[in-house]
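**Student:** Just a sequence and a predicted model for now, questions to come.
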Amino acid sequence: MELLIVKDKRIDYDGSAIGSHWAYRNFGILGNSLVVFRGRCDVKVEEMIDIEDLRANKKIRSDDMVHYIVEVFDLINTLFASTLQKLFIAKLCEVLGEYGVKTTRKGDDIYVNGKKLSISIATVSPVSVKIHIGINIEARGIPKGVDAIGLKELGIMDVDEFMERTGKALVEEFNKVKKDSLKARWAQ
């Protein structure tokens, strides 16, 4: 899996990056990829993937987030997409623990002291699995009724270092899973 961490500019997430080949179209990365960037979040209704959120007319917004866009071409399956998403969320919880932050994972979301730190969605396109994870940097611009928290409120001030550290951790985890899947022989 190729990793790109965009530090030189902000990229706002509106949901369109969940489309297939986004990393290839925008950055020339062909194949399995993780692109990490910072920017606002305001998901347009037409880009919303979660049908429950659509039915509830939920707003998905934040003024400042770290975004992770994952694309994997190996297996196109919603169960695999959801499993990989939850593995990545668990890995992010592990890395946050290294910062001294005690997290709770509820499904595909990360909470700290009962406050929501992240958003996430996993889906498939005709050619790939796509995952978006967003982590609040500051809990500003969040829809009313969502009790949220951000990295800065947790004492994580160096966002670039956090992006680098978590991006590498996710890619290492994926590559280890892939390697492990290739070295096992089949049962007879």
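**Tutor:** Done, it's in.
**Student:** Okay, now the unreliable bits of the protein?
**Tutor:** Flagging of the chain using pLDDT under 70 yields the residue ranges 54.
**Student:** top strand in it by residue count?
**Tutor:** strand 61-72 (DSSP state E).
**Student:** Next, the distance between the ends of stretch 112-128.
**Tutor:** 31 Å (C-alpha to C-alpha, to the nearest Å).
**Student:** so what strands line up beside the longest strand of the chain?
**Tutor:** Strand 61-72 has the following strand partners under DSSP bridges: strand 33-42 (antiparallel), strand 129-136 (antiparallel).
**Student:** continuing past the last one, what's the next helix or strand?
**Tutor:** The C-terminal neighbour of strand 129-136 among helices and strands, as given by DSSP states H and E, is helix 159-183.
**Student:** That next one versus strand 61-72: what angle between them?
**Tutor:** Helix 159-183 and strand 61-72 are oriented at 30 degrees to each other (axes from the mean of the first three to the mean of the last three C-alpha atoms, to 10 degrees).
**Student:** buried ones in helix 159-183?
**Tutor:** Buried residues in helix 159-183, counted by 16 or more other C-beta atoms under 10 Å: Val159, Phe162, Met163, Arg165, Thr166, Gly167, Ala169, Leu170, Val171, Glu173, Phe174. Backbone N, C-alpha and C define where each C-beta goes, glycine included.
**Student:** Any chance you could list what contacts it?
**Tutor:** With contact meaning C-beta atoms under 8 Å, 6 or more residues apart in numbering, helix 159-183 is reached by 1-3, 5, 7, 32, 34, 36-38, 66, 68, 70, 72, 74, 84, 87-88, 91-92, 94-95, 99, 137, 151, 156.
**Student:** Many thanks, I have nothing further to ask.
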